[in-house]
Structure formats: C-alpha cells, structure tokens
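*Asks:* Take a look and give me a structure for this.
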Amino acid sequence: MKLLQPRPLTREAFAPFGQVIELEGATQFAINGGTTQRFHDLARVDTLAEGGRPLISLFRAQPRAQPVRLTLMERHPLGSQAFLPLSAQPYLVVVAPDHGGRPGPLQAFVTCGWQGVNYDRNVWHHPLLALEAVCDFIVVDRGGEGCNLEEWPLAEPTGIF
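*Replies:* Have a look, this model is predicted:
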C-alpha cells in the first residue's frame with residue numbers, strides 16, 4: 001500500500017482544485033446597521049450546467065479508522081461541491097488532478113477543522129474523511145437532471161497516517 005502524507009490546507013496549495021472557505025484573508029464589511037460582519041464571496045458555486053440548481057444538504061461523516069485507507073475517488077462533472085464544517089474537528093481532504101479522465105497523483109491536506117472547501121467542477125476528490133469524531137457539514141452542490149457523479153476505484157490502495 002502506498003502512503004500519502006497530508007499537509008496543511010492553504011488557499012495557495014488548494015487553488016488548482018477549488019477554494020478554501022475560511023475567514024482569514026476574506027473581503028469583509030459591516031452589514032445590518034453594523035451589527036453583523038459579512039465575509040464576502042468565499043467560494044465560486046457552480047451549479048447551473050444543463051439546467052441544474054443549487055442544492056443545500058447536511059452530510060454526517062463517521063470517523064475513519066487510522067491509518068485511513070483510500071480506495072475510491074469521485075468527481076462531479078456538472079457542478080462544484082462545497083463542504084462547510086459545523087464543528088472545529090480536523091478532517092482530511094484528498095484531491096487529484098485529472099489525467100485523461102481518471103485521477104492523477106493524489107494530494108492530501110489536513111484542515112484546521114473550521115476550514116471548508118469548494119471542489120471545482122470535475123475535480124477528483126475522495127469522499128468525506130472525518131478523523132476523530134462524527135462531523136456534520138453543510139454541503140452546497142448541484143441538483144437537477146443529468147449524471148453529476150463519476151467514481152474511480154484506485155488500482156492501488158493508499159494509506160494516510
């Protein structure tokens with residue numbers, strides 16, 4: 001089994017795959033008569049392909065046994081997919097560039113817990129990887145007609161930690 005070493009999730013390192021949703025470095029301004037601070041335009045939500053619509057869901061991820069074993073990657077060809085954690089529990093993010101319609105070399109990131117991610121359309125990523133506890137996420141992705149899920153089993157399982 002190959003081993004993959006996760007690195008800290010940063011905007012710069014994750015940019016080829018989408019956006020990191022975090023407050024640090026965000027455009028912000030006061031609204032509602034100064035009682036609320038708005039952190040503006042944190043991710044590029046892309047759901048309108050082929051008549052799609054924004055879909056908001058809650059995902060509850062069970063913690064994975066360690067070492068985490070990666071066997072499958074997925075992507076969404078018709079829209080982006082954003083994950084906003086509802087707790088400060090760190091979780092893993094695994095992505096890969098596209099190599100001719102299949103995942104290329106895997107890259108792993110570990111979040112600070114409160115960071116969210118928005119996978120751009122067609123970005124290969126692993127399903128949710130909670131680490132220490134059950135984690136809830138608000139998920140914004142595409143609803144509507146058309147096939148918006150492709151899965152690819154990994155030829156060689158990869159372990160993390």
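*Asks:* From the opening residue of stretch 118-138 to its closing one, how far?
*Replies:* 11 Å (C-alpha to C-alpha, to the nearest Å).
*Asks:* same check, this time on stretch 64-71
*Replies:* 13 Å.
*Asks:* How far off centre is that stretch?
*Replies:* 17 Å (C-alpha atoms, centre = their mean, to the nearest Å).
*Asks:* Flag every buried residue along that stretch.
*Replies:* For stretch 64-71, burial by neighbour count (16 or more other C-beta atoms under 10 Å) applies to 64, 68, 70. Glycine gets a C-beta too; all of them are placed from N, C-alpha and C.
*Asks:* In strands only, show me the residues you listed.
*Replies:* 68, 70 (DSSP state E).
*Asks:* Tell me the one of the buried residues of stretch 64-71 nearest residue 84?
*Replies:* Distances from residue 84 to those, taken as C-beta to C-beta, are shortest for residue 64 (19.7 Å).
*Asks:* Pull up the gap between that closest one and residue 2, please.
*Replies:* 17 Å (C-beta to C-beta, to the nearest Å).
*Asks:* in its sheet, what does the strand with the most length in the chain sit against?
*Replies:* When the chain is parsed with DSSP E, its longest strand is strand 150-160. Under the criterion DSSP bridges, strand 150-160 sits next to strand 2-4 (parallel), strand 68-75 (antiparallel) in its sheet.
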